[in-house]
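Visitor: Show me the folded form of this:
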Amino acid sequence: MAIRDKTVILGCGRLGSSVANNASNRGSNVIVVDESATSFERLDDNFSGYKIIGDATDTYLLEEDAYIKTAREVIVTTGDDNVNLFLAHLCAIIYGVPHVFVRFDDPDKAALIASVPNIKAIYPFELSLNKFTSLEGEGDR
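Guide: Model prediction:
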């Protein structure tokens, strides 16, 4: 059995790069995959992980370059909810990654991952709304 010791981040936009930087700063073994080399410019100068240019839906790339089979966790943050859904299922069900976190813009996608216990969703809209609501409540004081 392979030791699961990697954090693999699929998508290096604002969220993916921030998560990658944070994980790298914590000393995690990080691999970031994005199809655009310019996306990696968002990573800090002291980022100590690996950067892979390629299509995150390419299973050969995931297996041979990103070592998905030894990932402890995968964070899926591409700009497309449908691609994110596919990748979350692929990582959780096919590769058996213990912890899969997926970003969705559409909260209705929750129904499509409800039966997979190792997938957790993040909804930026809900996080923003919750933060706004808490700040709005502080304004009344």
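
Visitor: Where do the helices of this structure begin and end?
Guide: Using DSSP state H, the helices of the chain run over 14-25, 59-60, 81-89, 124-138.

Visitor: What residues of the third one count as buried?
Guide: So the one you mean is helix 81-89. Of all the residues in helix 81-89, those buried under the rule 16 or more other Cβ atoms under 10 Å are D81, V83, N84, L85, L87, A88, H89. Every residue, glycine included, has its C-beta placed from N, CA and C.

Visitor: OK, contacts around L112?
Guide: L85 (Cβ atoms under 8 Å, 6 or more residues apart in numbering).

Visitor: Tell me how far it lies from A121.
Guide: Relative to A121, L112 is positioned 9 Å away (Cβ to Cβ, to the nearest Å).

Visitor: Can you tell me which helix or strand of the chain has the lowest average pLDDT?
Guide: helix 124-138 (a mean of 65; mean pLDDT, DSSP states H and E).

Visitor: Quick one: neighbours of H99, just the number.
Guide: 16 (other Cβ atoms under 10 Å).

Visitor: Bridged to it, which residues?
Guide: Here H99 sits in beta bridges with E73, going by DSSP bridges.

Visitor: so it makes contact with E73?
Guide: Yes: at 3.9 Å, H99 counts as touching E73 under the criterion of Cβ atoms under 8 Å.

Visitor: Output the below-cut-off pLDDT ranges for this protein.
Guide: Residue ranges of the chain with pLDDT under 70: 1-2, 125-133, 135-141.

Visitor: D105 versus the most centrally placed residue in the chain, what's the distance?
Guide: For the chain, the residue nearest the mean C-alpha position is I75 (1.9 Å; Cα atoms, centre = their mean). Noted for I75: a distance of 16 Å to D105, by Cβ to Cβ.

Visitor: again, but for S48
Guide: 30 Å.

Visitor: Against N84, how distant is K109?
Guide: In terms of Cβ to Cβ, K109 sits 8 Å off from N84.

Visitor: make that A114, sorry
Guide: Going from A114 to N84 by Cβ to Cβ gives 15 Å.

Visitor: for A37, same thing?
Guide: 21 Å.

Visitor: hmm, who's touching stretch 59-73?
Guide: Here stretch 59-73 makes contact (Cβ under 8 Å, 6+ apart) with 2-8, 31, 33, 52, 54-56, 74, 90-91, 95, 97-101.
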